[in-house]
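[1] after the sequence you'll find the predicted model.
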Amino acid sequence: PQRPAWRGARRERSQPEPKPWHGGVRPNAASRGLTTHTRRGGRRRRRREKGENRAAKRVGALRRGARRGEGCCWRKRKRAVEPRAAAGPLRFAYELIKRDLIHPSQNVPAPDMGTGEREMAWIADQFRRMNTSEINADACVTGKPLNKGGIIGRVEATGRGVQYALQEFFRHKDDVEASGLTGSLKGKNIIIQGLGNVGYHAAHFLSIEDECKIIAVIERDGAVINKEGIDINQLQAHLIKTGGVKGFIGAKYTKNGSDILEKECDILIPAAMEGVINLSNAQRIKANVIIEAANGPVTAGADEILTAAGTIIIPDMYANAGGVTVSYFEWVKNLSHIRFGRMQRRQQASSNHILVEEMERLIGKPVSEDFKNKFFKGAGELELVRSGLEDTMCTAYQQMHDTWRSNENIDSLRTAAYVLALTKVADSYRALGL
């Protein structure tokens, strides 16, 4: 019987002896008259077909299980059974890495819209495969998962930075008076545009820790309004489950979300796309304070109109810098190869323990257990990251405030931020004698 093609065909006896191997005929197969490419091609084809069949069976089983309600959700398992989803980002990373456009000492990307921890882990893994001897490979990108060299507090960082920026704003009474507001951050009415990573964390921390009222949230499919305040965690759970805010029982739904930007509120937080406040709606914005959690949500023309109307705009170059600040902390952690707090946390806890014992001896009665637990804990990585972020945001605002109030030609925090940044650049050149 004739040999199957995948096993290789015998050479004809009239065929000349094969030349030294150059990719067509393998030397150790020449004596048996077998060509290499036929055998290898057949094996590879069979393996590929077998793998594709197995993948198709797994996908089919997942879908059938989901239809039968067996707790096997296709949407939740899709990433696990489609490894080819990484092909595009990995190819993109490969092209950047081979041109030295990604490197721990040169360019260090961080996640933005459409990317997250998973994509950053892919890029870091690709860099490590292409630079096997690079000891600082983890520092080539930031925003990675914690078990891949990430840092605690990176996911929440931009939203947390927005909170710290507003807290510092309300510590400067002259700025608060200029906005037409009074008192502290507590109880202020806030409208959020965009409940993504930044918008959710900003709303969560402001409502839970600062007792603000989130009276409206705008998303791609509309908006929800509740003057008594919206439970952000419940709304986030509903958004993840349904893909939109429509149908949320804790607030009134309206389809035209753009109109909600123009509702009266104390603080407006655009945390999604750029250019949402522009010449077409700037004159109808009624918020006292706008903090730009997104990149460029207020256009240049709208900025002039709002500034002239007395609205205080906390600019994006400062307000959403929390993410890149904690990315810097992560980069430093990857370069030092040790997590923050590891060297000093237990020593600090021991010192606090001694201090509490002496204090109890002097006052003659014990302090509360709740105080002891908090005081003995010491500062771990999360506490140090939040402390560093708060210090950065507070210091930067104080510098902007001083620049703004010390120069009568500066009419806004945005202009003050530009002047401050350019002054620092100019000072660095002067120090070099340039």
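    Arrived safely, thanks for sending. Numbers count the residues shown, from 1 in each chain.

[2] next, the buried residues of stretch 295-304.
    Gly296, Pro297, Val298, Thr299, Ala302, Asp303 (16 or more other C-beta atoms under 10 Å). The C-beta positions use only the backbone N, C-alpha and C, and glycine is treated the same way.

[3] switch these over to TSV; also include secondary structure and pLDDT.
    Converted to TSV, those look like this (DSSP: H, G, I helix; E, B strand; the rest coil; pLDDT from 0 to 100):
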residue	secondary structure	pLDDT
Gly296	coil	94
Pro297	coil	96
Val298	strand	96
Thr299	coil	96
Ala302	helix	96
Asp303	helix	96
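
[4] give me the low-pLDDT residue ranges for the stretch 101-250 of the chain?
    The model of the stretch 101-250 of the chain has no residue with pLDDT under 70.

[5] neighbours of Asn320, how many?
    Using other C-beta atoms under 10 Å, Asn320 is surrounded by 25 other residues.

[6] go ahead and confirm it touches Thr158.
    Yes: under the criterion of C-beta atoms under 8 Å, Asn320 makes contact with Thr158 at 5.4 Å.

[7] find the residues that touch each one of these two.
    Val198, Ala293 (C-beta atoms under 8 Å, 6 or more residues apart in numbering).

[8] what about the strands in the protein?
    Counting by DSSP state E, one finds strands in the chain at the ranges 189-193, 213-219, 222-225, 252-254, 267-270, 289-291, 312-314.

[9] please identify the most buried of the ones you listed.
    Mean neighbour count (mean count of other C-beta atoms under 10 Å) peaks for strand 267-270 among those, with a mean of 28.

[10] follow-up on the earlier one: which of the strands of the chain sits closest to Leu90?
    strand 213-219 (31.2 Å; C-beta to C-beta).

[11] give me the contacts around the closest one.
    Taking C-beta under 8 Å, 6+ apart as the rule, strand 213-219 contacts 187-195, 199, 203, 206-207, 223-230, 232, 235, 239, 244-245, 251, 257-258, 260-261, 263, 265, 272.

[12] next, the contact list for the residue nearest to Leu335 when sequence neighbours are not counted, please.
    Distances taken as C-beta to C-beta, 6 or more residues apart in numbering place Ala139 nearest to Leu335, at 5.3 Å, with adjacent residues excluded. Ala139 makes contacts with Pro104, Val108, Gly149, Trp331, Asn334, Leu335, as judged by C-beta under 8 Å, 6+ apart.

[13] could you dump those to TSV with neighbour count and distance to Asp174?
    Below are these laid out as TSV (neighbours: other C-beta atoms under 10 Å; distance: C-beta to C-beta, whole Å):
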residue	neighbour count	distance to Asp174
Pro104	19	43
Val108	18	38
Gly149	21	43
Trp331	21	36
Asn334	23	41
Leu335	14	41
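
[14] show me which pair in those is furthest apart.
    Val108 and Gly149 (12.2 Å).

[15] isn't Lys372 up against Val356?
    Yes: using C-beta under 8 Å, Lys372 is in contact with Val356, at 6.2 Å.

[16] stretch 255-268: how far from the chain's middle?
    Counting by C-alpha atoms, centre = their mean, to the nearest Å, stretch 255-268 is centred 25 Å from the centre of its parent chain.

[17] re the thing from before, mind putting the contacts of Ala139 in a markdown table, distance to Gln344 included?
    Shown next, in a markdown table, are these (distance: C-beta to C-beta, whole Å):
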| residue | distance to Gln344 |
| --- | --- |
| Pro104 | 25 |
| Val108 | 26 |
| Gly149 | 21 |
| Trp331 | 21 |
| Asn334 | 19 |
| Leu335 | 19 |
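
[18] of these, closest to Arg414?
    Using C-beta to C-beta, Val108 comes nearest to Arg414 of those, at 26.6 Å.

[19] I figured that closest one hits Ser327, correct?
    Yes: taking C-beta under 8 Å as the contact criterion, Val108 and Ser327 are neighbours in contact, 7.5 Å apart.

[20] find residues that contact each of the two.
    With C-beta under 8 Å, 6+ apart, Val108 and Ser327 have common neighbours Thr142.

[21] surely Thr307 meets Leu413?
    No: assessed by C-beta under 8 Å, Thr307 is found out of contact with Leu413, at 9.5 Å.

[22] now do the shared contacts for those two.
    Overlap of the contact sets of Thr307 and Leu413 (by C-beta under 8 Å, 6+ apart) consists of Ile313.

[23] can you pick out the residue with more neighbours from these two?
    Just comparing Thr307 and Leu413: by other C-beta under 10 Å the higher neighbour count belongs to Leu413, 23 against 17.

[24] what number of residues lie near Pro109?
    Counted with other C-beta under 10 Å, Pro109 comes out at 18.

[25] which ones are touching it?
    Contacts of Pro109 by C-beta under 8 Å, 6+ apart are Ile102, Met120, Ile123, Val141, Thr142.
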